[in-house]
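1. Model the following, please.
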Amino acid sequence: MRRSDQVKGVFCIEGIWEQDLRICSTVRPLLELLRVNEAIPYIHRECATGGEFEFYLGKWPQKRYSKYPILYLASHGERFGIQLEDSFYDLDRIASIISLRGRNKFVLISACNTLDVDRRHLKRFIQQTSCLAVCGYRSDVEWMRSAAFELLLLNEIQENEYSGRGINAIHKKATQLSKSFPDLEFRIVSSRESA
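-> Numbering: from 1, shown residues only. As a prediction, the model looks like this:
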């Protein structure tokens, strides 16, 4: 078991998945499983509107949430961005909200097709946010398989420090894990890669 000072919390902002609010689709059970079995703390907030999304995204870099360096954005996605009920947020817009306050932090975007863009766009996202890495999917993904992958990924990336030195090991682990889920077309781009 890892020491408490090694644990990296997850700050999850989740969009509304279904128009019918009686259907309760959420990534929250994944986070709860990580908390119960691996002692990984989390913050989970649902948002339907762009205003809510910007409010929570602006909170993540604040010092009081420094023990939650993993930003987990879970929503519907399109090429280069995520879709909320009333707004589309492309990666540049998300980066401008974080705005160089992502030092030693990690971004996981759980949304279909969002990272189906040129690598230069992702490197620009990292430069604009100062994040260590951004990762997500280049294709449509099936809910259960992506949930299983993300559960394993969020646990796996706990073992290394979030620094320039540690990101290489995290990149390697994430890439290796993704080989078991080739249909997801997962990709990770880190700050240590050349453009």
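2. All the helices of this protein, residue numbers only.
-> 28-38, 50-59, 91-98, 119-129, 143-156, 164-178 (DSSP state H).
3. Go through the fourth one and flag the buried ones.
-> This points to helix 119-129. Buried positions in helix 119-129, judged by neighbour count with 16 or more other CB atoms under 10 Å: His121, Leu122, Lys123, Arg124, Phe125, Ile126, Gln128, Thr129. C-beta: built from backbone N, CA, C; applies to glycine.
4. who does it touch, helix- and strand-wise?
-> helix 91-98, strand 133-137, strand 186-190 (3 or more CB pairs under 8 Å, 6 or more residues apart in numbering; DSSP states H and E).
5. Which one of the ones you listed lies nearest to Leu31?
-> strand 133-137 (17.1 Å; CB to CB).
6. List of residues touching the closest one?
-> By CB atoms under 8 Å, 6 or more residues apart in numbering, the surrounding residues in contact with strand 133-137 are 77, 91, 106-116, 122, 125-126, 146, 153, 167, 170-171, 174, 184-191.
7. now do stretch 76-94
-> Stretch 76-94 has contacts (CB under 8 Å, 6+ apart) with 15-17, 47-50, 53, 57, 73, 75, 109, 111-114, 116-117, 121-122, 124-125, 128, 134, 136-137.
8. Kindly recompute the last result at 7 Å.
-> Outside stretch 76-94, the residues within contact range by CB atoms under 7 Å, 6 or more residues apart in numbering are 15-16, 47-50, 53, 57, 73, 75, 109, 111-114, 116-117, 121, 125.
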